[in-house]
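Trainee: next input, structure requested:
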Amino acid sequence: MKRIGLALLLFYVCLSQGRAERERPNILWLTFEDSSSYLLGCYGNQDVNTPNIDGLAAKGVRYTNASSNAPQCSPARSTLISGAYSKTFGTEQHRHQYKVPEDIYFYPKYLRQAGYFCTNNSKQDYNCPPESSAGVWDLQGNKATYNSDERADGQPFFSIFNCGATHMSRLTSHHLEGRRDFREEGLDPAKLALPPHVPDLPEIRSDYALHLEGIQDVDSWIGIFLEDLKTRGLDQDTIIFVYSDHGGSLPRGKGFVNETGLRIPFIIFAPEKWEHLLDGEPGSENDRLIGFVDLAPTLLSIAGIPTPEHMQGKAFLGDFATAPRKFQYGFRCNQEDHFDPFRSVTDGRFKYIRYYVPQKPLAIRNFFQWGMPSNQAWDRAFLGNRLDGDHRYAFEQKPMEALYNIVEDPFEVKDLATDPNYLDTLQIFRRNLSKHIRETSDLGFFPPSRRDREVDLYSHIRDTSYPLEDLHWIAEQASSQSVQDGEKLIEQLDSSYPEIVYWACLAIAGMPEVAERTDKILRNLAKKEDPFVAAAAAFAVANDDAYRTQILLEQMRNKSVEAYSLLESWSLTNPSSLKLHAEAKLLDMVETEANVVKQRARSILVNLGSLPYNELYSENTYEKGLRVNQNRKPIRPLP
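Mentor: You can find the predicted model right below:
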């Protein structure tokens, strides 16, 4: 792998020397966070005021099918920095750092070799150790800027600035007390047009207004950069990209592969000198499928550099622009403690989603995200039996798959997967996604217990001829829970690879008749050292809820995240059974355990109706929430 990296390095050094006299534009990325495209005025939102962004769209190209590929910061940014799906490197697990092949993981080195001055201010979030990205940028940190004295006269720059004004932490106040009067910002929560995938609740309206306020702050921030470029005489030589790092922040946004989590605002503006590089006339919209995986190849292409072989994206601008892709892919690994992989594919009209652990509902709690009053309000409405049928879906067992017509149903409310009229479409997308997983050597089916922070999984798989096809196959069986594959599944319980055993147990958990035949094997596996295997095996045992509960609770007390995840899922889908066997022990955990185990026990007890909802979080949450509501996020960083 290192020899390949050296060869690539020498190739691009020679290439950059051969093109040293070529004039290149400056490139400025203005990124913000957790914001779906439907939140912006130029994408049709009539409740928000974004004159600077709308002005760039009116003079640039506005992309209507842009995807972050992953619905959380770190897996999305890991895809950005590498030009390949982060699941190919095993870096798709949100906020977990793993060793990576450093010689191919970071695109800025190619731009620097081509003569660009590259800066990043300042978020990285590449899901690798900080030392791996040391030296990637000319300047990195909260003082990194294209205005640095370190940039040579006339040297083209590539600069990223990331504004955190719309990050979900803006909303995680747990309650509404102390919030500003958003009507002073032109945002009346009572009059906002809510998207249809969320219930109409006061807390959801308030969170929506607060997020739109953040969007308006981002617009002001962008205006500061436009003025700075003009003042410094850089505006006629600088191409500007404006986009969000993924969707959000209302419930079922951030962390989900629905369009609300993946579809982002994406605008490119070029001054007259560089308009020929645009894929469309100034002021036009472009429905081409583009994603974060395509941005590194596109940057290189603008600079006259061909796409390195290891990159999976397709350049859509510049010398090496390719034909439009026919399909765009999405993925997610986890929701905080919950390992729950999703995959998706769209052609711009239909959107297919595959769920690999259907036993886990969408609404299993991410404690950070559930700091939003909107998520808590949706919870309370469900637990109080106050939701209509259209909004109970998040608390039910997931299906194997879902299919939506996102042109007619952009918020993915009507699932077409069981409609016989769409069977052919469903099968086409199902096969397409299965093929894509294999073509990209998807490593996202290794549970956290099977990942070593010191091991470069990307290289390890290739160096050891790991049977990745077996892992992909067994994960698909866990998703489909097809009884006809029972015999082969039973064989996998004896695999020497714990991750394959884990998925086999989850598959059998959906097949009671197979579970009965393998009862003794499952009970033995529930004693295994690997916590994911042990939890999945205990969960799969059939017709013995007392045993399942006892073993999973013991594992949870020993801090098994998978045991907790399966118990919380169970508390939503079949609370009466779990309450009978678990209530007393969970109450004991609340009294005797500390920190994370206590928090998890509270969460399950709230679902069972055994604990008031206001005891879900610790007592100091109220004061923290007041500070969140009263302190408006600053508009930064500045040029």
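Trainee: do I have it right that Gly280 meets Tyr63?
Mentor: No: Gly280 is not in contact with Tyr63 according to Cβ atoms under 8 Å; the separation is 9.1 Å. Heads up, the C-betas are built off the backbone N, CA and C, glycines and all.
Trainee: leaving out chain neighbours, which residue sits closest to the spatially most central residue of the chain?
Mentor: Nearest residue to the geometric centre of the chain (Cα atoms, centre = their mean): Pro71, 2.3 Å. By the measure of Cβ to Cβ, 6 or more residues apart in numbering, the closest residue to Pro71 outside its immediate chain neighbours is Gly261, 3.3 Å from it.
Trainee: same check on Gly141?
Mentor: Leaving out its chain neighbours, the residue that sits closest to Gly141 by Cβ to Cβ, 6+ apart is Ser122, at 5.0 Å.
Trainee: can you count the residues close to that neighbour?
Mentor: The criterion is other Cβ atoms under 10 Å. On that basis, Ser122 has 16 neighbouring residues.
Trainee: and Met400, how many neighbours?
Mentor: Using other Cβ under 10 Å, Met400 is surrounded by 18 other residues.
Trainee: ignore the last one, Glu272
Mentor: 9.
Trainee: is it correct that it is in contact with Asp235?
Mentor: No: applying Cβ under 8 Å as the test, Glu272 and Asp235 come out as separate, 10.6 Å apart.
Trainee: and for Ser67, the neighbour number?
Mentor: Ser67: 28 surrounding residues under other Cβ under 10 Å.
Trainee: right, I mislabeled it, should have said Phe292
Mentor: Applying other Cβ under 10 Å, we find 29 other residues in the vicinity of Phe292.
Trainee: before we move on, what about the one 10 residues further on?
Mentor: With neighbours defined by other Cβ under 10 Å, the count for Ile302 comes to 23.
Trainee: and the residue lying closest to Ser569 once chain neighbours are set aside, helix, strand or coil?
Mentor: Sequence neighbours aside, Lys360 is the residue nearest to Ser569 in space, at 4.5 Å (criterion: Cβ to Cβ, 6+ apart). Following DSSP: H, G, I helix; E, B strand; the rest coil, the label given to Lys360 is coil.
Trainee: now Lys360: how far from Gln335?
Mentor: In this structure, Lys360 and Gln335 are 9 Å apart, going by Cβ to Cβ, to the nearest Å.
Trainee: circling back to that earlier point, quick one: contacts for the residue nearest to the centre of the chain?
Mentor: If a contact means Cβ atoms under 8 Å, 6 or more residues apart in numbering, then Pro71 has 246-248, 253-257, 261-262, 330, 332 as its contacts.
Trainee: buried only: go through the residues you listed for me.
Mentor: Neighbour counting over the contacts of Pro71 (16 or more other Cβ atoms under 10 Å) leaves 246-248, 253-257, 261-262, 330, 332 as the buried ones.
Trainee: let me know the closest of those residues to Gln113.
Mentor: Sorting these by how near they are to Gln113, with Cβ to Cβ, puts His246 at the top with 29.4 Å.
Trainee: can you give me the strands for the protein?
Mentor: Remark: strands of the chain, listed N- to C-terminal, are 26-32, 61-67, 117-121, 139-140, 157-163, 238-244, 266-269, 284-291, 328-335, 338-346, 350-355, 401-405; assignment by DSSP state E.
Trainee: out of those, which is closest to Glu583?
Mentor: Judged by Cβ to Cβ, the one of the strands of the chain that comes nearest to Glu583 is strand 338-346, at 22.0 Å.
Trainee: show me where the stretch 201-350 of the chain has its helices.
Mentor: Secondary structure of the stretch 201-350 of the chain (DSSP state H, counting those that start in this stretch): helices at 202-231, 259-262, 295-302.
Trainee: buried residues of the first one, list them for me.
Mentor: I take that to be helix 202-231. For helix 202-231, a neighbour-count test (16+ other Cβ under 10 Å) marks 203-219, 221-226, 228-229 as buried.
Trainee: do stretch 140-147 as well
Mentor: Applying a neighbour-count criterion of 16+ other Cβ under 10 Å, the buried positions in stretch 140-147 are 140, 144-146.
Trainee: could you dump those to JSON lines with distance to Glu23 and pLDDT?
Mentor: As requested, these are exported to JSON lines (distance: Cβ to Cβ, whole Å; pLDDT from 0 to 100):
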{"residue": "Gln140", "distance to Glu23": "26", "pLDDT": "97"}
{"residue": "Ala144", "distance to Glu23": "24", "pLDDT": "98"}
{"residue": "Thr145", "distance to Glu23": "22", "pLDDT": "98"}
{"residue": "Tyr146", "distance to Glu23": "17", "pLDDT": "98"}
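Trainee: got a list of what Cys163 touches?
Mentor: Neighbouring residues of Cys163 by Cβ under 8 Å, 6+ apart: 30-33, 217-218, 221, 635-637.
Trainee: next: Leu194.
Mentor: Contact criterion Cβ under 8 Å, 6+ apart gives 200, 204-205, 208 as the residues in contact with Leu194.
Trainee: switch to 6 Å and redo it
Mentor: Contact analysis of Leu194 by Cβ atoms under 6 Å, 6 or more residues apart in numbering lists Asp200.
Trainee: and the one 10 residues further on, by the same measure?
Mentor: With contact set as Cβ under 6 Å, 6+ apart, Ile204 has these partners: 198, 374.
Trainee: please renumber so the chain begins at 33
Mentor: Okay, residue one is now 33; in that scheme the one you just asked about reads as Ile236.
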